[in-house]
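Undergrad: the following comprises the amino acid sequence and a computationally predicted model.
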Amino acid sequence: MKDHRTTGVDSVTVPHNDFVGRKVETKSFHSLESDCLIDEEKTKGALKVLHEMLPPPSTNRDWVQKAVAIISKLSGITVVQRVDAVKQVPCREIAPHIRDEIVGDGACFYRTISKAITGTEDNHFAVRMSLINFMLDPANVLAFGRLVRSGIYYDIDALKAVRSHINRHKLYLETSWSTEYEVFAAATMFQVKIMVFSEYSNYRDWHTYVPRFSNETCMTPMKVMLYLYHINCNHYDLVIPVLD
């Protein structure tokens, strides 16, 4: 199922939570390197920035436990950890790395992040809600408001912009598609680079998403990296890197 929308949809009301409805004030944040990449489908030739490939989350138990804790805290959902089987798809495009097939129900981005961190796709809704609430956190909303809409200077306008983005793409629905902004949110919340191999038409290449900022709401950076396979601009699978 598609995971990057290019058309508008009817709006829905964002449910009230601990962040929505709270009076927000301008918060400062520490900007990191700016080589974040918007999805190539929309940028049509954006500079591709590659980074040294680091081990996946499964190699760092401490990082996984901290990631599970932040997902559970922000989503309010208990996260289950287990190791599900790898559904390997033959893929010479990224050899020797392994492509792990993910269910295509509209939530494939969240399923991919869930399996990369928790070993199973089953925590995809918890991942979804944690990213939504991370973007809505008063400490983060200004940065994400500026990401989804240009010309944002105040938190109140940023909150409106982020809520509008959430409504427009129906992000609260369990099988609604993700956008490139949720990829940035994941990179920022987990403080990891996310390398995405994109394949569509005659295009095949790696792109890297890096954290937009760092503050007390984010994880502490560790030497791990997330790897995704994005095919036909409409589906994500997990990439399991094979490193020397």
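TA: Arrived safely, thanks for sending. Residues are numbered from 1 along each chain as shown.

Undergrad: how about the nearest residue to Asn60, chain neighbours excluded?
TA: Val224 (5.2 Å; C-beta to C-beta, 6 or more residues apart in numbering). All C-beta spots, glycine's among them, are computed from the backbone N, C-alpha and C.

Undergrad: and that neighbour, what pLDDT?
TA: Turning to Val224, the model gives it a pLDDT of 96.

Undergrad: residue boundaries of the helices in the chain?
TA: 40-43, 61-75, 108-118, 124-136, 141-148, 155-168, 180-190 (DSSP state H).

Undergrad: so what's the residue nearest to the spatial centre of the chain up against?
TA: Centroid check for the chain by C-alpha atoms, centre = their mean gives Val183 as the closest residue, at 2.9 Å. If a contact means C-beta atoms under 8 Å, 6 or more residues apart in numbering, then Val183 has 39, 109, 194, 196, 209 as its contacts.

Undergrad: for stretch 188-196, buried residues please.
TA: For stretch 188-196, the neighbour count (16 or more other C-beta atoms under 10 Å) marks 188-196 as buried.

Undergrad: also stretch 93-111?
TA: 94, 97-100, 102-104, 106-111.

Undergrad: greatest separation within those: which pair is it?
TA: Spatial extent of the buried residues of stretch 93-111 (C-beta to C-beta) is set by the pair His97 and Gly106 at 25.2 Å.

Undergrad: give me the below-cutoff pLDDT ranges for this structure.
TA: Within the chain, the stretches with pLDDT under 70 are 1-51.

Undergrad: quick revisit: as JSON lines, the buried residues of stretch 93-111 with distance to Ser58 would be great.
TA: Output for those, formatted as JSON lines (distance: C-beta to C-beta, whole Å):
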{"residue": "Ile94", "distance to Ser58": "18"}
{"residue": "His97", "distance to Ser58": "14"}
{"residue": "Ile98", "distance to Ser58": "12"}
{"residue": "Arg99", "distance to Ser58": "16"}
{"residue": "Asp100", "distance to Ser58": "11"}
{"residue": "Ile102", "distance to Ser58": "16"}
{"residue": "Val103", "distance to Ser58": "19"}
{"residue": "Gly104", "distance to Ser58": "23"}
{"residue": "Gly106", "distance to Ser58": "25"}
{"residue": "Ala107", "distance to Ser58": "21"}
{"residue": "Cys108", "distance to Ser58": "19"}
{"residue": "Phe109", "distance to Ser58": "19"}
{"residue": "Tyr110", "distance to Ser58": "18"}
{"residue": "Arg111", "distance to Ser58": "16"}
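
Undergrad: in strands, which of these fall?
TA: Applying DSSP state E to those, the entries found in strands are 98-100.
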